[in-house]
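Asker: Make a model of this:
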Amino acid sequence: MNGPDRIVVVGASLAGLRAAETLREEGFAGSLTLVGEEPHPPYDRPPLSKQVLLGRVRAQDVGLPGRREVDARWRLGVRAAGVDLIGKKVTLADGEQLAYDRLLIATGTRARPWPNPGEARLDGVLTLRTNDDAARLAERLDAGPRRVLVIGAGFTGSEIASACRERGLEVTVAERGPSPLVGALGGTLGGYAGKLQRAHGVDLRCRVTVTALRGSEGRLTGADFSDGGRIDADVAVVALGAVRNVEWLDGSGLAAGPRGIACDAGCRAFDMYGIVTDDVFVAGDVARFPHPLFDYQMLSLEHWGNAVAQAEVAAHNMISPGPRRRPHLTVPAFWSSQFGLNIKSVGVPTFSDQVVIAQGSLREGRFVAVYGYRGRVTAAVSVNRAKWLEYYRYLIETAAPFPPGPGAADRPGPPVPVPSDVPAPQLLSHGPTVALTGHLPDRHLTLVPTPAADPRR
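Answerer: Numbering: from 1, shown residues only. Got it, this is the predicted structure:
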């Protein structure tokens with residue numbers, strides 16, 4: 001079988017760029033086209049909620065360094081509008097049709113908007129996903145608002161709150177769930193994150209929702225809460241998680257939905273009947289893929305490292321014959337910087353029924369929390385103690401027993417596990433950065449995908 005002559009990559013951010021580079025590195029010499037909805041060349045997103053909001057870096061200066069020239073045609077500032085799987089053509093919003101032999105879909109996610117359109121249009125109501133978003137928000141923070149409201153206490157919302165407090169700004173965080181970060185890290189570390197935020201002066205309001213954003217003459221003036229409270233605020237940042245960019249695939253015949261596009265471990269997309277395709281591949285935040293370390297549940301990950309690793313596997317497999325293809329089996333990893341702490345994770349903390357503080361302590365603010373499911377290690381989260389994560393990555397990869405043995409702990413006596421208290425997604429106002437389709441490990445229930453909850457209800 002001859003290799004492909006024409007490859008189209010829809011999505012010109014991190015995954016799309018790294019896939020294009022890998023294609024060229026591995027010898028693909030044919031026609032390569034990258035399509036991106038944003039007018040900007042690929043840029044790095046993690047600094048947007050950290051250095052950019054703190055004024056240390058300008059939003060326009062967070063471009064991704066290229067690893068090599070990709071010799072590609074770039075179609076930036078135009079959306080993909082549809083794909084014809086039989087005719088092998090991608091249709092763009094401006095009417096152009098791009099023929100392909102292999103197609104990579106890496107369209108990622110966008111910020112979930114505030115559900116009331118009229119309130120969302122108020123001057124001062126913002127989201128944070130793109131570098132244009134970050135530039136607008138940084139400008140508002142530079143102006144010194146009296147109070148910033150952050151709606152949602154996931155990683156993005158918590159990092160925004162941290163930047164506000166570091167700037168000396170008053171900030172209120174509203175979260176439907178019991179604590180910040182609970183949807184990603186469970187109850188023990190979520191409770192710690194809540195205490196941390198309050199210790200840094202955040203007006204943290206958990207188990208409440210924002211019922212309305214108030215405005216006057218088109219400008220935001222404040223918000224009302226489900227517990228009857230209200231605040232005045234000049235800026236509100238909607239941090240309710242992400243929406244996967246799959247609408248353009250409606251009617252295409254691919255297995256695309258709110259959780260992303262289903263694919264196999266080799267990044268080949270499934271069609272709507274569960275049959276794997278051989279010329280359409282998926283990578284990055286928009287992909288749902290099975291992972292043997294997590295009971296072959298379908299994972300959706302919004303992590304930088306996953307986007308890179310999956311893009312490289314997809315690119316390799318697009319131009320390789322079957323026996324030379326390889327699976328995407330990288331252990332998920334992510335990091336966050338907030339309130340003076342460096343938080344790093346390996347594995348999937350939500351795939352757990354117990355957690356133990358194996359090293360350090362919550363009190364000293366330097367520790368490693370290890371997660372387990374049915375007696376094996378499935379994740380580890382470090383706070384200001386990242387050097388141990390490679391060790392725990394090995395324990396995850398080898399399905400080591402949980403709780404970890406005394407060699408991993410630095411305290412006398414065996415560590416005592418407690419329930420990881422992973423909440424059901426519908427209890428949160430922010431969307432998860434890791435989503436598993438199937439069973440919640442600490443419950444014998446099967447999740448049925450439902451539309452995102454209205455955070456005002």
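Asker: got any ranges where the protein has weak pLDDT?
Answerer: Scanning the chain for pLDDT under 70 picks out 1, 406-413, 431-432, 435-457.
Asker: one more time with 50
Answerer: Within the chain, the stretches with pLDDT under 50 are 1, 443-457.
Asker: my read: residue 307 touches residue 11, true?
Answerer: No - if you go by CB atoms under 8 Å, residue 307 and residue 11 don't touch, sitting 9.8 Å apart. Every residue, glycine included, has its C-beta placed from N, CA and C.
Asker: what's the overlap in contacts for those two?
Answerer: 106, 108, 284 (CB atoms under 8 Å, 6 or more residues apart in numbering).
Asker: Would you mind giving those residues as CSV with distance to residue 331 and secondary structure added?
Answerer: Formatted as CSV, those follow (distance: CB to CB, whole Å; DSSP: H, G, I helix; E, B strand; the rest coil):
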residue, distance to residue 331, secondary structure
106, 21, coil
108, 21, coil
284, 17, helix
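Asker: And the residues you listed, which of them are buried?
Answerer: 106, 108, 284 (16 or more other CB atoms under 10 Å).
Asker: ok, the first one - contacts?
Answerer: To tie it back to what came earlier, the one meant is residue 106. Residue 106 touches 9-11, 13, 15-16, 19, 282-284, 286, 307, 311, counting by CB under 8 Å, 6+ apart.
Asker: Then the last one?
Answerer: With contact taken as CB under 8 Å, 6+ apart, residue 284 is in contact with 11, 13, 14, 15, 16, 106, 107, 108, 306, 307, 310, 311.
Asker: can you put those residues in a markdown table and add secondary structure and distance to residue 348?
Answerer: Output for those, formatted as a markdown table (DSSP: H, G, I helix; E, B strand; the rest coil; distance: CB to CB, whole Å):
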| residue | secondary structure | distance to residue 348 |
| --- | --- | --- |
| 11 | coil | 24 |
| 13 | coil | 23 |
| 14 | helix | 21 |
| 15 | helix | 19 |
| 16 | helix | 25 |
| 106 | coil | 22 |
| 107 | coil | 23 |
| 108 | coil | 20 |
| 306 | helix | 11 |
| 307 | helix | 16 |
| 310 | helix | 15 |
| 311 | helix | 20 |
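Asker: And the furthest pair within these?
Answerer: 107 and 306 (15.1 Å; CB to CB).
Asker: if you count what's nearby, which of the two comes out ahead?
Answerer: Higher neighbour count among residue 107 and residue 306: residue 107, with 32 against 25, using other CB atoms under 10 Å.
Asker: hang on, isn't that one packed against residue 286?
Answerer: Yes - the pair residue 107 / residue 286 is scored as a contact, 5.1 Å apart, by CB under 8 Å.
Asker: hey, what's in contact with both of these two?
Answerer: 11, 244, 245, 246.
Asker: wait, which of the residues you listed is closest to residue 391?
Answerer: For the shared contacts of residue 107 and residue 286, the nearest to residue 391 is residue 244 (33.3 Å; CB to CB).
Asker: what's near enough to touch that closest one?
Answerer: Per CB under 8 Å, 6+ apart, neighbours of residue 244: 107, 108, 109, 258, 259, 260, 261, 285, 286, 300.
Asker: Which helix or strand contains the last one?
Answerer: Okay, so that is residue 300. Taking DSSP states H and E as the criterion, the element that holds residue 300 is strand 298-301.
Asker: now, among the shared contacts of residue 107 and residue 286, which is nearest to residue 400?
Answerer: Nearest to residue 400 among the shared contacts of residue 107 and residue 286, counting by CB to CB, is residue 244 at 32.9 Å.
Asker: where's the closest one relative to residue 261, distance?
Answerer: Distance, residue 244 to residue 261, by CB to CB, to the nearest Å: 8 Å.
Asker: shared neighbours, those two?
Answerer: With CB under 8 Å, 6+ apart as the test, residue 244 and residue 261 both reach residue 286.
Asker: hang on, the earlier thing: now the buried ones among the shared contacts of residue 307 and residue 11 as CSV including distance to residue 4?
Answerer: Putting these into CSV (distance: CB to CB, whole Å) gives the following:
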residue, distance to residue 4
106, 17
108, 23
284, 20
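Asker: Helix, strand or coil: sort out residue 18 for me.
Answerer: Following DSSP: H, G, I helix; E, B strand; the rest coil, residue 18 is assigned to helix.
Asker: Report how many residues lie close to the closest residue to it other than its chain neighbours.
Answerer: Counting by CB to CB, 6 or more residues apart in numbering, residue 18 lies nearest to residue 311, which is 4.3 Å off, once chain neighbours are set aside. By other CB under 10 Å, 32 other residues sit near residue 311.
Asker: wait, what's in contact with residue 311?
Answerer: So residue 311 contacts 14, 15, 16, 18, 19, 22, 104, 106, 283, 284 (CB under 8 Å, 6+ apart).
Asker: How about the contacts made by the first one?
Answerer: Taking CB under 8 Å, 6+ apart as the definition of contact, the neighbours of residue 14 are 42, 44, 45, 64, 284, 304, 307, 308, 311.
Asker: Need phi/psi at the first one.
Answerer: It refers to residue 42. Per-residue torsions, residue 42: phi -50, psi 140 (degrees, to the nearest 10).
Asker: can I assume it is in contact with residue 19?
Answerer: No - Residue 42 lies out of contact with residue 19 (CB under 8 Å); the separation is 11.0 Å.
Asker: higher neighbour count, these two?
Answerer: A direct count of neighbours by other CB under 10 Å for residue 42 and residue 19 places residue 19 higher, at 31 against 23.
Asker: hang on, that one packs against residue 9?
Answerer: Yes - counting by CB under 8 Å, residue 9 is a contact partner of residue 19 at 5.9 Å.
Asker: Find the residues that touch each one of these two.
Answerer: Counting by CB under 8 Å, 6+ apart, the residues touching both residue 19 and residue 9 are 104, 106.
Asker: From residue 129, how far out is residue 239?
Answerer: 10 Å.
Asker: I misspoke; the intended subject was residue 203.
Answerer: 24 Å.
Asker: Neighbour count for these two, which is higher?
Answerer: Using other CB under 10 Å, the more surrounded residue of residue 203 and residue 129 is residue 129, with 19 against 16.
Asker: Report the buried residues of stretch 373-382.
Answerer: 373, 377, 378, 379, 380, 381, 382.
Asker: CA atoms of that stretch as PDB?
Answerer: Taking Å, rounded to 0.1, in the frame of the first residue of the first chain, the C-alpha atoms of stretch 373-382 are listed here in PDB:
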ATOM      1  CA  TYR A 373      -8.600   2.000  42.700                       C
ATOM      2  CA  ARG A 374      -9.400  -1.500  43.800                       C
ATOM      3  CA  GLY A 375      -6.100  -2.000  45.400                       C
ATOM      4  CA  ARG A 376      -3.800  -0.500  42.700                       C
ATOM      5  CA  VAL A 377      -2.100   2.900  42.300                       C
ATOM      6  CA  THR A 378      -3.800   5.000  39.600                       C
ATOM      7  CA  ALA A 379      -2.600   8.600  40.200                       C
ATOM      8  CA  ALA A 380      -0.400  10.800  42.200                       C
ATOM      9  CA  VAL A 381      -0.600  14.600  42.900                       C
ATOM     10  CA  SER A 382       2.400  16.500  44.200                       C
END
